[in-house]
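**Q** Structure for the following, please:
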Amino acid sequence: MSVQVPRNFRLLEELEKGEKGIGDGTVSYGMEDADDMLMRNWTGTIIGPSNTVHDGRIYTLKFHCDLNYPNRPPLVRFQSKINMDCVLPDGRIDPTRFTVLGNWGSNYSMETVLLELRRAMASMHNKKLPQPPEGAMYS
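**A** Numbers count the residues shown, from 1 in each chain. Just a heads-up that it's a prediction; the model follows:
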């Protein structure tokens, strides 16, 4: 029998980890508004992987963790324009094309999403796709 950690404790753990930095610094995340007591809105950053069209680009994303997180996945949307097979025309991540969101497990985290998106950028299908101009943003 597994113990379910309360949502806010889980998000506080994620906040602490995000503030300390993750691995080599190619992904990061934190709260969008420190006064949001429900810890719903977060921002993330991915530095594009080398040897791809994303090399050196900085992509920003928004996460929305509703009150069912982590039992249900966050809503994830790129703010920076990007051309990837799992990104819809408005910047939202399509869960049917991104398995981390489509097959969400409560042990996954925002870090998992960011790392897997970065890995997807380097996939054979995405690493050479033409990209919007650097700095272009979704409205």
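
**Q** From here on, just use CA atoms for contacts and neighbour counts.
**A** Noted.

**Q** which stretches of this protein form helices?
**A** 7-20, 99-102, 110-121 (DSSP state H).

**Q** Please work out which of these is packed deepest.
**A** helix 110-121 (a mean of 19; mean count of other CA atoms under 10 Å).

**Q** Give the other helices and strands that it contacts.
**A** With contacts taken as 3 or more CA pairs under 8 Å, 6 or more residues apart in numbering; DSSP states H and E, helix 110-121 sits against strand 27-31, strand 41-47, helix 99-102.

**Q** Run the chain-centre distance for the longest one.
**A** Put simply, strand 41-47 sits 6 Å off its chain's centre (CA atoms, centre = their mean, to the nearest Å).

**Q** List the buried residues of it.
**A** N41, W42, T43, G44, T45, I46, I47 (16 or more other CA atoms under 10 Å).

**Q** In TSV, list those residues along with distance to F78.
**A** Below are the buried residues of strand 41-47 laid out as TSV (distance: CA to CA, whole Å):
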residue	distance to F78
N41	13
W42	12
T43	10
G44	9
T45	9
I46	10
I47	13
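
**Q** Let me see the contact set for R118.
**A** Contact analysis of R118 by CA atoms under 8 Å, 6 or more residues apart in numbering lists I46, I47, G48, P49.

**Q** now the residues you listed in TSV, with distance to E111 and pLDDT?
**A** Shown next, in TSV, are the contacts of R118 (distance: CA to CA, whole Å; pLDDT from 0 to 100):
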residue	distance to E111	pLDDT
I46	10	96
I47	13	96
G48	15	97
P49	16	97
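
**Q** Return the member of those nearest to N68.
**A** Nearest to N68 among those, counting by CA to CA, is I46 at 25.1 Å.
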